[in-house]
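**Q** Quick one: sequence and predicted model below, then my questions.
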Amino acid sequence: MKPEEIVRQALLLEMTEKFGFPRELIGVEREISTLPHLKGAKIPKRRFDLVCFAGKIHKDFPLYPLLLIECKAITLSEKALQQVLGYNYYVEAYFVAIANGQGVVMCDRKGEIVRNGLMPYSELARYAMDSREKSLSSV
């Protein structure tokens, strides 16, 4: 197993066991263009490491990208953050993160650090749902 895959697998375990991320709502190492909300869009050929969706919490809200994570086997850097932000230009997740064997740095979609470490899935989903409802009500 490659070092980056070890980081990804350890993070997946932590996300599901400790932070309550539903396994069925996590996409692992796929082409960005395969995401359901991007079907038919012209997307550069890039692969993400992890993406977690917020589930159909309400009948009017389909799945939507909640957290996009780039895993590294090296020291976390601004370059890694820029990479995941570049991917997120297309994915449009509410949060992005970079992770290695020593930790996780979570940011908002603009790249501003939210916290070091993960947040429970329920907190992330609640924040995203509140933001989504506010934006829909202002239309």
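**A** Nice, I can see it.
**Q** May I ask which helix or strand encompasses residue 114?
**A** Taking DSSP states H and E as the criterion, residue 114 maps to strand 113-116.
**Q** Kindly apply the preceding question to residue 125 instead.
**A** Residue 125 belongs to helix 121-137 when assigned by DSSP H and E.
**Q** What's the mean pLDDT across that helix?
**A** For helix 121-137, mean pLDDT rounds to 73.
**Q** Also stretch 91-111?
**A** Stretch 91-111 comes out at a mean pLDDT of 94.
**Q** now do stretch 27-45
**A** 84.
**Q** swap in stretch 2-11?
**A** 94.
**Q** Please point out which parts of that stretch sit buried.
**A** 4, 7, 8, 11 (16 or more other Cβ atoms under 10 Å). From N, CA and C alone the C-beta is placed, and that goes for glycine too.
**Q** Now do the strands in the chain.
**A** Assigned by DSSP state E, the strands in the chain fall at 26-31, 47-54, 64-71, 95-100, 103-108, 113-116.
**Q** Neighbouring strands of the fifth one in the sheet, and parallel or not?
**A** The strands that strand 103-108 pairs with in its sheet are strand 95-100 (antiparallel), strand 113-116 (antiparallel) (by DSSP bridges).
**Q** what's the offset of the last one from the middle of its chain?
**A** With Cα atoms, centre = their mean, to the nearest Å as the basis, strand 113-116 stands 14 Å off its chain's centre.
**Q** Repeat that for stretch 75-85.
**A** The chain centre lies 14 Å from the centre of stretch 75-85; the measure is Cα atoms, centre = their mean.
**Q** Check stretch 24-35 too.
**A** Worked out by Cα atoms, centre = their mean, stretch 24-35 lies 10 Å from the chain centre.
**Q** send the alpha carbons of that stretch over as PDB?
**A** Presented in PDB, the C-alpha positions along stretch 24-35 are these (Å, rounded to 0.1, in the frame of the first residue of the first chain):
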ATOM      1  CA  GLU A  24     -22.500   5.400   2.200                       C
ATOM      2  CA  LEU A  25     -22.000   9.100   1.800                       C
ATOM      3  CA  ILE A  26     -18.300   9.100   1.300                       C
ATOM      4  CA  GLY A  27     -16.700   8.900  -2.200                       C
ATOM      5  CA  VAL A  28     -13.100   7.500  -2.400                       C
ATOM      6  CA  GLU A  29     -10.600   8.300  -5.000                       C
ATOM      7  CA  ARG A  30     -12.700   9.000  -8.100                       C
ATOM      8  CA  GLU A  31     -12.700  11.300 -11.100                       C
ATOM      9  CA  ILE A  32     -14.200  14.700 -10.300                       C
ATOM     10  CA  SER A  33     -16.400  14.400 -13.400                       C
ATOM     11  CA  THR A  34     -18.100  11.300 -12.000                       C
ATOM     12  CA  LEU A  35     -19.800  13.300  -9.200                       C
END
